[in-house]
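> A structural model of the following input is requested.
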Amino acid sequence: MHRRGLFLLCLSFLLSLPALAKANPQQASAAGAQCVDCHSLVTPNIVSDWKQSRHHEMGIACDTCHGSDHMTAADAAKAKIPTPETCGQCHETQVAQFKKGKHAMAWAAMEAMPTIHWQPMAMTEGMKGCGSCHKIGLKSPEQLAALQQQERFGTASCDSCHTRHTFSVKEAKSPQACETCHMGFDHPQWEMYSSSKHGVRNELKQLGINSAQSAAPTCQTCHMQEGNHEVMTAWGFLAVRLPLPDDPQWKADQVTILQALGVLDPSGKPTARLDVVKAANVARLDQASWQAQRDKMLKTCNQCHSGNFAAQQLQYGDEMIKNADHLMAEAIQIVAGLYKDGILPQPKNYAYPFPDLLTFHDAPTVIEQKLFVMFLEHRMRTFQGTYHASPDYALWYGWSEMQRDLTEIKELAAEARLAGHVASVNVNPVATQAAPAKK
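This is a model prediction of the structure:
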């Protein structure tokens, strides 16, 4: 028995030799070893991060992702910048899931904004504004070629969450990994989550105050169930959906919002922009896709809460969308009425006689700016704060601000109508006087 055990031990060692060789990047790739030698001097922290990574353990060296065309300082431009396809060589399932989800549509969604080209290039292609987060989205071969020709980066997508060069799964599973993008003006999910009981419990768990076994949902718990990289939600970013609600008032309000988004024309028929919304996957456009995402969320909630409690809480979120939409639709109709009556000049780049909510800060007047803030900041916070169990965001940063926005819009509209009336009465008063009689 002893000799047999010794034989099996030796055999196990011999069989493990190929794996050991693969786990050694120096043996796995001579080109990779050369990269490490050079970059240990040029960019030492990159090498340090890589040496902590699972890639290093598995013998995945620099040339696996960056190619071997770049070998000297003079030909650095030949280094390949990874894309999702690069990661898909080993992580095929995760990349396939990612490509079906909303993160993959982030670049397309940014490019679809009507006035995005008005922003400084550093904000978009330079990735210091919208592009900094939306770079996670897939890009066409033409877009990739253009970015790489300009020596721009941010084409890997996966490294937005699994940051270079550790590419840590543990990091990407932490809610802090989401904080860079999911915070701030129009999507303060981090602030909502971290101030909610879910976020507080997770922080206490990370600090070791609560035990490692305590229930503490992270962003990934709810939005990446079982590690699925699709990351979808029932209502989508804009909280609009098809089919329209059965409730007559809510239906009318959602139609008004869709018209201000340019998705429906004044008669309520779909426009070409609906195809953009479909392509960017920012809304659920049929009941089945909406219900599939709602059911996934209910299943997740049910791990900690009873089914009826979870359903009730999500229903509250739906109701807050309904209430917020009523305020929003009234404000939109007020501004549209100013266009219709010639009180406010409609911008030439607006296709329909409705304010275009997607022009954002490029709206030309104060009242239109107020409408944009009401939609993208305060309406978002009203319903997102409800779903994220953040009372202050739902009320004081959301609903209360919407009420104040509507009051200001009404007052600005009244002032504009009064000014327009006065101007029409006082147009060239000399010309309106009777001509003096000839002597």
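> Name the residues of the longest helix along the chain that come out as buried.
Counting by DSSP state H, the longest helix found in the chain is helix 307-340. Judged by neighbour count (16 or more other Cβ atoms under 10 Å), helix 307-340 contains these buried residues: 310, 314, 317-318, 320-329, 331-336, 338-339. For glycine as for every other residue, the C-beta is placed from the backbone atoms N, C-alpha and C.
> which one is K205 nearest to, not counting chain neighbours?
Closest residue to K205 apart from its sequence neighbours, by Cβ to Cβ, 6 or more residues apart in numbering: A216 at 4.4 Å.
> Do a quick rundown of the helices in the stretch 301-439 of the chain.
Using DSSP state H, counting those that start in this stretch, the helices found in the stretch 301-439 of the chain span residues 307-340, 366-373, 380-387, 391-394, 400-425, 429-432.
> need those helices in JSON lines with mean pLDDT and distance to P248, can you?
Shown next, in JSON lines, are the helices of the stretch 301-439 of the chain (pLDDT from 0 to 100; distance: least, Cβ to Cβ, whole Å):
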{"stretch": "helix 307-340", "mean pLDDT": "97", "distance to P248": "12"}
{"stretch": "helix 366-373", "mean pLDDT": "97", "distance to P248": "24"}
{"stretch": "helix 380-387", "mean pLDDT": "97", "distance to P248": "20"}
{"stretch": "helix 391-394", "mean pLDDT": "96", "distance to P248": "25"}
{"stretch": "helix 400-425", "mean pLDDT": "90", "distance to P248": "21"}
{"stretch": "helix 429-432", "mean pLDDT": "44", "distance to P248": "48"}
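> So which of the ones you listed is nearest A73?
For A73, the closest of these is helix 380-387, at 47.0 Å, according to Cβ to Cβ.
> Go ahead and name everything in contact with the closest one.
By Cβ atoms under 8 Å, 6 or more residues apart in numbering, the residues outside helix 380-387 that reach it are 186-189, 192, 235, 239, 314, 316-317, 320-321, 323-324, 391-395, 397-399, 401-402.
> Name only those of the residues you listed that count as buried.
187-189, 192, 235, 239, 314, 317, 320-321, 323-324, 393-394, 397-399, 401-402.
> So for stretch 179-187, mean pLDDT?
The average pLDDT for stretch 179-187 rounds to 95.
> Residues in contact with that stretch: which ones?
Residues contacting stretch 179-187 (Cβ under 8 Å, 6+ apart): 132-133, 136, 160, 188-191, 219, 237, 376-377, 380, 384.
> repeat that for 10 Å
103, 106, 132-136, 160-161, 163, 175, 188-194, 219, 223, 237, 360, 373, 375-381, 384 (Cβ atoms under 10 Å, 6 or more residues apart in numbering).
> Just the buried residues of it, please?
C181, H182, M183, H187.
> ok, so what distance separates the second one from Q384?
Spelled out, that is H182. 10 Å (Cβ to Cβ, to the nearest Å).
> mind listing what C304 touches?
H198, A215, A216, P217, T221, A310.
> Would you agree the second one falls within a strand?
No - note on A215: no strand contains this position according to DSSP: H, G, I helix; E, B strand; the rest coil, which reports coil.
> That one touches H198, doesn't it?
Yes - using Cβ atoms under 10 Å, A215 makes contact with H198 at a distance of 9.3 Å.
> The closest residue to Y316 other than its chain neighbours and K322, how far apart?
Excluding the flanking residues, the one nearest Y316 by Cβ to Cβ, 6+ apart is T386, at 5.8 Å. With distances taken as Cβ to Cβ, T386 is found 11 Å from K322.
> Assign N210 to helix, strand or coil.
Going by three-state DSSP: N210 is coil.
> That one touches K197, doesn't it?
No - the criterion here is Cβ under 10 Å, and N210 misses it with K197 at 11.9 Å.
> mind listing the helices in the stretch 51-200 of the chain by residue range?
Under DSSP H, counting those that start in this stretch, the stretch 51-200 of the chain gives helices at 54-57, 62-66, 84-88, 92-100, 106-111, 130-134, 141-149, 169-173, 176-179, 189-195, 197-206.
> Tell me which of the ones you listed sits nearest to Q254.
Across the helices of the stretch 51-200 of the chain, Q254 has its closest neighbour in helix 106-111 (20.0 Å, Cβ to Cβ).
> Mind giving me the packing neighbours of that closest one?
Using 3 or more Cβ pairs under 10 Å, 6 or more residues apart in numbering; DSSP states H and E, the elements in contact with helix 106-111 are helix 130-134, helix 141-149, helix 272-280.
> so where's the stretch 151-300 of the chain shaky on pLDDT?
Residue ranges of the stretch 151-300 of the chain with pLDDT under 70: 151-152.
> whoops, the stretch 1-150 of the chain was the one
For the stretch 1-150 of the chain, the ranges with pLDDT under 70 are 1-29, 150.
> Neighbour-wise, which one of the contacts of C304 leads?
Comparing the contacts of C304 by number of neighbours (other Cβ atoms under 10 Å), H198 comes first, having 23 neighbours.
> List the contacts of that residue.
Each residue near H198 by Cβ under 10 Å, 6+ apart is listed here: 175, 192, 215-219, 221-222, 304, 388-390.
> and what of W118?
Taking Cβ under 10 Å, 6+ apart, one finds N349, T359, F360, H361, D362 in contact with W118.
> Now list the buried members of these.
The buried subset of the contacts of W118 (16+ other Cβ under 10 Å) comprises T359, F360, D362.
> Would you mind confirming that the last one is in contact with E368?
Yep, that's D362 we're talking about. Yes - contact between D362 and E368 holds when scored by Cβ under 10 Å: they sit 9.4 Å apart.
> Find residues that contact each of those two.
With Cβ under 10 Å, 6+ apart as the test, D362 and E368 both reach P347, D356.
> if we can go back for a sec, just the buried residues from the contacts of stretch 179-187, in ChimeraX please.
Selection of the buried residues among these in ChimeraX, burial being defined by 16+ other Cβ under 10 Å:
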select :103,106,132,133,134,135,136,160,161,175,188,189,190,191,192,193,194,219,223,237,360,373,375,376,377,378,379,380,381,384
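> sorry, back to before: which residues are in contact with each of A215 and H198?
Contacts common to A215 and H198, judged by Cβ under 10 Å, 6+ apart, are T221, C304.
> List the contacts of the residue lying closest to V231 once chain neighbours are set aside.
Distances taken as Cβ to Cβ, 6+ apart put G101 closest to V231, at 4.7 Å, once the chain neighbours are dropped. By Cβ under 10 Å, 6+ apart, the residues touching G101 are H223, M224, N228, H229, E230, V231, M232, N281.
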